[in-house]
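[1] Make a model of this:
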Amino acid sequence: MVIPEELFAKAEGKFTAAISAENSNEIESIFIPQNIPDVWLGTLYGAKSLKKITVDPQNQYLKDVDGVLYTKDGKNLMKAPCQMTGTYVVPEGVEEIELSAFAYSHLDEVILPESLKEIGNYGFQHSELKKVTIPKNFPELEDNVFCDCPNLEEFSFLGETKIQYGYTDMTSEMEQRIAGESFARPAECYLLACLKTYPNLEKYRRKFIAAAKRGKREKILEYLLSTAPERKVEKGTFEINALEDGSAEIKSYQGEESVIEIPKEIDGKPITSIGVGAFEGNEFVEKVMVPEGVTSIQKNAFYGCISLEEVVLPESCTAIGASVFEDCKALKKANLPKGIPVLARKVLKNCISLENLEIPDGVVKIEDQALYYCESLSDITLPEGLTYLGKECFYACGFNYGPELEGEWGYSKRKLSIPGSVTQIDDGGNGIFAQYPKAQELFGVFEYKLILQVKKGSIAHRYAAKKKIRFELV
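    Take a look at the predicted model:
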């Protein structure tokens, strides 16, 4: 691509050549004539084939150095061609790397000079960098500069660089990044460097530890555990409510124990119920054992227990309320007592680590969003006698789709048998199953990634036909 001089011959004063990225993916070289004072190459975001930029030597505003575009004084690096490989040394004297200058770069390493004072937004976004060291006196870094560089193996700050985060609720975003649940996919070494200077880390340490376990971020987990202040864990305390029949209900728990075995009786009163929100928001508990004799667990009892990995429930329990384990994202193991007739609304919503769940034969209703986003739940058997499926009850569960197919784009298809006893399916909200992209070449076309096994003429048969879900008659 040659920018013609005559195009700008009549231009007066300061002006900028803005080059559209549209249809530019095949551009390999750019020639910039002498009369152009500025080129905003942020618009060349899609020029992934670019190998070389050449500037007319007579240009008094711009220059090229080995195919890289700089301002004439050498203080601003404006654009490095994406097709550069290996290691690139940014010359001493450069003070600013401009917007998207190394976006989509194939370089393994960029060595930054001590003179550097600023890196523009998205400076290295989606690059293939493997190693970066931020100079000692570099003042501030926008989070978006390196957060989308998934190939990074080494990342460090030599000084006390402050990271400017662009999220209103950065803690929630950081938790999702560590767990691998965020839209952005930062490298572990970058996240670790961020955590070493993260504001109020102690306040959020337990959230990040739980996220590191979910995301299997071993280096981050080791750092968070090894730098945690020593603390003496004392026996937790229970507050109870006396019930009319002489038994008691757990009203609340105060403590930081990782394993909690709820006592069978307190103050001479047998424990028969876990009250509303009794353990809600506890960040420390990893395993809970509920004793035999407990007949009900009230709503929100363990809501948001972010570290909870296992719960053991007694067969005496016949009622589990709404949202009891909602947002227990680390929960992997939970047993459902045989006597419960209903999976209550949102009871296991967002339990994204739950891998296995046996639904007892006596369950007749699965209410709204009961298993919403249990994305690790790869298989499930619905009992005969089940009559009701609430809205979004299986939405985005793991058994909605199979594993990614090797060498192909998209997912394989799993089978789910819906008993003929089901007489009502609530299709409210987004429906009971999620849809996923059909294929790479048809992105934007969505389909159900499962095959329903249904009885001919059943409610499930009609539902599958109406929703265009693949089905087999059994």
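
[2] Helices of the protein, start to end?
    170-179, 188-195, 201-215, 218-226, 459-467 (DSSP state H).

[3] Can you name every helix or strand that the last one contacts?
    Looking back up the chat, that one is helix 459-467. On a contact count with 3 or more CB pairs under 8 Å, 6 or more residues apart in numbering; DSSP states H and E, helix 459-467 meets strand 424-425, strand 450-454, strand 471-473. C-beta coordinates here come from the backbone N, C-alpha and C atoms, glycine included.

[4] any chance of the helices of the chain in CSV, plus distance to Asp148 and mean pLDDT?
    Converted to CSV, these look like this (distance: least, CB to CB, whole Å; pLDDT from 0 to 100):
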stretch, distance to Asp148, mean pLDDT
helix 170-179, 11, 95
helix 188-195, 10, 96
helix 201-215, 17, 95
helix 218-226, 18, 97
helix 459-467, 36, 96
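
[5] Around the closest residue to Gly255 other than its chain neighbours, how many other residues sit close by?
    The shortest distance from Gly255 to any non-neighbouring residue, by CB to CB, 6 or more residues apart in numbering, is to Gly236 (2.1 Å). Neighbourhood size, Gly236 [other CB atoms under 10 Å]: 15.

[6] Who are the contact partners of Gly236?
    Neighbouring residues of Gly236 by CB atoms under 8 Å, 6 or more residues apart in numbering: 253-257, 260.

[7] what about 10 Å?
    Residues counted as contacts of Gly236 (CB atoms under 10 Å, 6 or more residues apart in numbering) are 253-257, 260, 279, 282, 284-285.

[8] Weed out the non-buried ones from the residues you listed.
    Listed as buried from the contacts of Gly236 are 253, 257, 260, 279, 282, 284-285; burial here means 16 or more other CB atoms under 10 Å.

[9] What is the nearest of those residues to Thr387?
    Minimum distance to Thr387 across the buried ones among the contacts of Gly236 is 31.5 Å, recorded for Phe279 (CB to CB).

[10] close enough to count as contact, the closest one and Ser307?
    No: in this structure, Phe279 is not within contact of Ser307 by CB atoms under 10 Å, at 11.2 Å.

[11] Residues that sit against both of those two, list them.
    Val285.

[12] residues of stretch 74-87 that come out buried?
    76-84.

[13] again but with stretch 95-104, I slipped
    96-104.

[14] which residues touch the residue most central in space within the chain?
    By CA atoms, centre = their mean, the chain has its centre lying nearest to Glu181, at 1.3 Å. By CB under 10 Å, 6+ apart, Glu181 lies in contact with 173, 175, 211, 214-215, 329, 352, 375.

[15] For it, report the pLDDT, please.
    With respect to pLDDT, Glu181 scores 90.

[16] Tell me how far it lies from Phe155.
    For Glu181, the distance to Phe155 equals 21 Å [CB to CB, to the nearest Å].

[17] Output the below-cut-off pLDDT ranges for the stretch 1-150 of the chain.
    Within the stretch 1-150 of the chain, the stretches with pLDDT under 70 are 13-14, 20-25, 41-43, 45.

[18] Where do the strands of it begin and end?
    17-18, 29-32, 39-40, 52-55, 62-65, 68-71, 76-79, 87-89, 96-97, 109-111, 118-119, 131-134, 140-142 (DSSP state E, counting those that start in this stretch).

[19] Take those and lay them out in a markdown table including distance to Glu160.
    Shown next, in a markdown table, are the strands of the stretch 1-150 of the chain (distance: least, CB to CB, whole Å):
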| stretch | distance to Glu160 |
| --- | --- |
| strand 17-18 | 37 |
| strand 29-32 | 38 |
| strand 39-40 | 32 |
| strand 52-55 | 35 |
| strand 62-65 | 31 |
| strand 68-71 | 29 |
| strand 76-79 | 24 |
| strand 87-89 | 24 |
| strand 96-97 | 20 |
| strand 109-111 | 20 |
| strand 118-119 | 16 |
| strand 131-134 | 10 |
| strand 140-142 | 10 |
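
[20] most neighbours per residue, which of these?
    Most buried of the strands of the stretch 1-150 of the chain by mean neighbour count (mean count of other CB atoms under 10 Å) is strand 76-79; its value is a mean of 24.

[21] Contacts for it next, please.
    By CB under 10 Å, 6+ apart, strand 76-79 touches 30, 38-42, 44, 47, 50, 53, 62, 64-65, 67-71, 88, 90-91, 94-103, 110, 113, 116, 118-120, 123.

[22] With stretch 162-174 instead?
    121, 134, 138-147, 157, 175, 177, 181-184, 186, 191, 193-195, 197-200, 203-204, 207-208, 211.

[23] All set now, cheers.
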